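Asker: with the sequence up front, the predicted model follows.
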Amino acid sequence: MESNEKGTVSKKIYFATIVLLIALNCGTLYLLYSTSEAKTDVIVQKTALEKDFKNLSDTLDVKKTEIEQYIGRNEEMDKTIAANQMLIDREKKEIAGLLHKGNLTAAELSKAKGMIAMYEATIADMTKQIGELTAQNHQLNNQNMELAQVLDQERVNTAHLSDINKNLSQKVETGSLLQLAKVDVEAIKKRHNGKEVAVKRVKAAEELRISFETGGNKVLDPGVLSLYVRIINPKGETIAVADQGSGTIPTADSPNPVQYSKKADIDWDQKNKKVVVYWNQNISDPGTYKVQVYQKGYVVGEGAVKLI
């Protein structure tokens, strides 16, 4: 009887041990399974984060390239852009360090998620800045175009006014020119009594007498009026002698100056004047002697005499 009771107790202990071992094994298997699932979940989340991080990083590179073209246009905006870029680069480096880590804990995973969210928000802020800068740039371009159009119109107006002023100046200048209807040129000799006699032979000619009337002109301002007499010999050469007052003057229709023989200064009062100019140098060749009278570079009268 006692032997049967001992056997029964032994069997109970055996079965209890088996049940305990089974329970321990189940617990161990459950823990292993749970740990495996957690690790798998971390890996999946890490992979997703790495993908998001790469997409954001690529987006950032594009945005940075876009925004760099606006650097240098606004000092305050440059500071904001530089600060954001430094923040993004720092966040990017820290996130990359976490994601490159072999074993990422749940806490580190949560931190990476938070930083990626901040990273994304910063990129969104930079995108907003790009939009604002683009709008400002378009506005400035439009203003510059409008200003350029205004300046072009002003140039056209200025050129038009300049042409008008030039035409008016030319009209005034032309209107101030004398119109010598006739320039008389004669070769003369003087008699003993001082009387001047016209001659036709060059050997008898002592000097040329050039005479004309100016006519009145109300446009020409009163004052000293200078006229320049040019005498051209039969060879086509200007007769000029320095110690007789000869020189050169600019002409209105040519870039080259022209020689003149003698200058005549008139006390001009806007009324008709009779002018007589004498010349006694280098009158020795037979032929036609031509005379031109210049005022302000324009020929205002001509005459001639033929000597034999």
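Answerer: Great, that's in hand.

Asker: okay, CA-based contacts and neighbour counts for the rest of this
Answerer: Will do.

Asker: so what are the domain limits for this protein?
Answerer: Annotated domains of the chain cover 2-140, 183-307 [automatic domain parsing].

Asker: which of those comes out lowest on mean pLDDT?
Answerer: Note on the domains of the chain: domain 2-140 shows the lowest mean pLDDT, a mean of 65.

Asker: quick one, strands of the stretch 101-250 of the chain?
Answerer: 183-190, 196-199, 207-213, 223-232, 247-249 (DSSP state E, counting those that start in this stretch).

Asker: between the ones you listed, which gets nearest to Asn141?
Answerer: strand 247-249 (53.3 Å; Cα to Cα).

Asker: any buried residues in the closest one, and which?
Answerer: Buried residues in strand 247-249, counted by 16 or more other Cα atoms under 10 Å: Gly247.

Asker: same for it, what does it pack against?
Answerer: Where contact means 3 or more Cα pairs under 8 Å, 6 or more residues apart in numbering; DSSP states H and E, strand 247-249 is packed against strand 258-260.

Asker: can you rerun that using 10 Å?
Answerer: Judged by 3 or more Cα pairs under 10 Å, 6 or more residues apart in numbering; DSSP states H and E, the packing partners of strand 247-249 are strand 223-232, strand 258-260, strand 262-268.

Asker: these into a markdown table, with extra columns for distance to Asn141?
Answerer: Listed next are the helices and strands packed on strand 247-249 as a markdown table, based on distance: least, Cα to Cα, whole Å:
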| stretch | distance to Asn141 |
| --- | --- |
| strand 223-232 | 57 |
| strand 258-260 | 55 |
| strand 262-268 | 60 |
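
Asker: looking at the strands of the stretch 101-250 of the chain, which is closest to Val291?
Answerer: Set against Val291 and scored by Cα to Cα, the strands of the stretch 101-250 of the chain come closest in strand 223-232, at 4.7 Å.

Asker: quick check: buried residues in that closest one?
Answerer: Leu227, Tyr228, Val229, Arg230, Ile231, Ile232.

Asker: now for it, which elements pack on it?
Answerer: Using 3+ Cα pairs under 10 Å, 6+ apart: strand 223-232 touches strand 207-213, strand 247-249, strand 258-260, strand 262-268, strand 274-279, strand 287-295, strand 298-307.

Asker: contact partners for Thr174?
Answerer: Contact analysis of Thr174 by Cα atoms under 10 Å, 6 or more residues apart in numbering lists Leu168, Val219, Leu220, Lys296, Tyr298.

Asker: any idea of the pLDDT on it?
Answerer: Looking at Thr174, the pLDDT reads 70.
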